[in-house]
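Participant: Requesting a structural model of the entry that follows:
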Amino acid sequence: MSRIGKYPVAVPSGVTVQITGPNVAVKGKLGESQLALRDTVEVSVDGNLIWVKPVGETKQARMMWGTTRALLNNMVKGVSEGFTVNLEINGVGYRAAVEGKILKLQLGYSHDIEYPIADDVTMKCEKPTAISITGRDKQRVGQIAAEIRAFRGPEPYKGKGIKYQTETILRKEGKKK
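Facilitator: Residues are numbered from 1 along each chain as shown. From the prediction side, this is the model:
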């Protein structure tokens, strides 16, 4: 039995949920998200709660029960509050800046890296060594953060590179004389 799927998703005020056939649409102050449902689960709205139930006792139905509930919860949270991932840049001469719809990164290469900012996310650089990525889709925000981090991942000897703000880099000792 799914431990996640048996709990309802609370819908805050200002968020509307519409179920039309195999699709669920969630609208809020930050935009609209849609989810195509599988045949193995059914979704119902009861007041300000969304309930997800499996159709049958198959393994696939039980797997999609918790997954669908988690996706709906992320959609509701995304259109009401949004998701934010913060990145830190460590290293001498490493910096970032937002210029229009382009994120410019200087990461010690012979050229600057220009990363185009998608329409569904916003990026801010409060300091030249901090990047904040915000959006309504949790998967999209995380994927963009991972792509930016991959340009120069943190290395274990000096800790230089781009890392998540909550990430801890295990440091190595290096050479001894």
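Participant: Find the helix or strand that Val43 is a member of.
Facilitator: strand 41-46 (DSSP states H and E).
Participant: where along this protein do the strands fall?
Facilitator: 9-10, 16-20, 23-28, 31-36, 41-46, 49-54, 83-90, 95-99, 102-106, 113-116, 121-124, 130-135, 161-164 (DSSP state E).
Participant: give me the low-pLDDT residue ranges for the protein?
Facilitator: 1-2 (pLDDT under 70).
Participant: Domains in it, by residue range?
Facilitator: Split into domains by automatic domain parsing, the chain comes to 9-80, 83-164.
Participant: closest to Glu173 out of the ones you listed?
Facilitator: Checking these against Glu173 by C-beta to C-beta gives domain 83-164 as the closest, at 8.5 Å. For every residue, glycine as well, the C-beta is placed using N, CA and C.
Participant: That closest one: end-to-end distance?
Facilitator: Criterion C-alpha to C-alpha, to the nearest Å; first-to-last residue distance in domain 83-164 is 14 Å.
Participant: cool, and stretch 35-53?
Facilitator: Counting by C-alpha to C-alpha, you get 16 Å between the two ends of stretch 35-53.
Participant: Can you name the residues in contact with that stretch?
Facilitator: Residues outside stretch 35-53 that contact it (C-beta atoms under 8 Å, 6 or more residues apart in numbering) are 5, 8-13, 17, 19, 22-24, 26, 54-56, 58, 60-61, 64-65, 68-69, 71-72, 75-76.
Participant: what sits against Ser13?
Facilitator: Counting by C-beta under 8 Å, 6+ apart, Ser13 touches Asn48.
Participant: what about it, distance to Val76?
Facilitator: Separation of Ser13 from Val76 (C-beta to C-beta, to the nearest Å) stands at 12 Å.
Participant: try Glu155
Facilitator: 39 Å.
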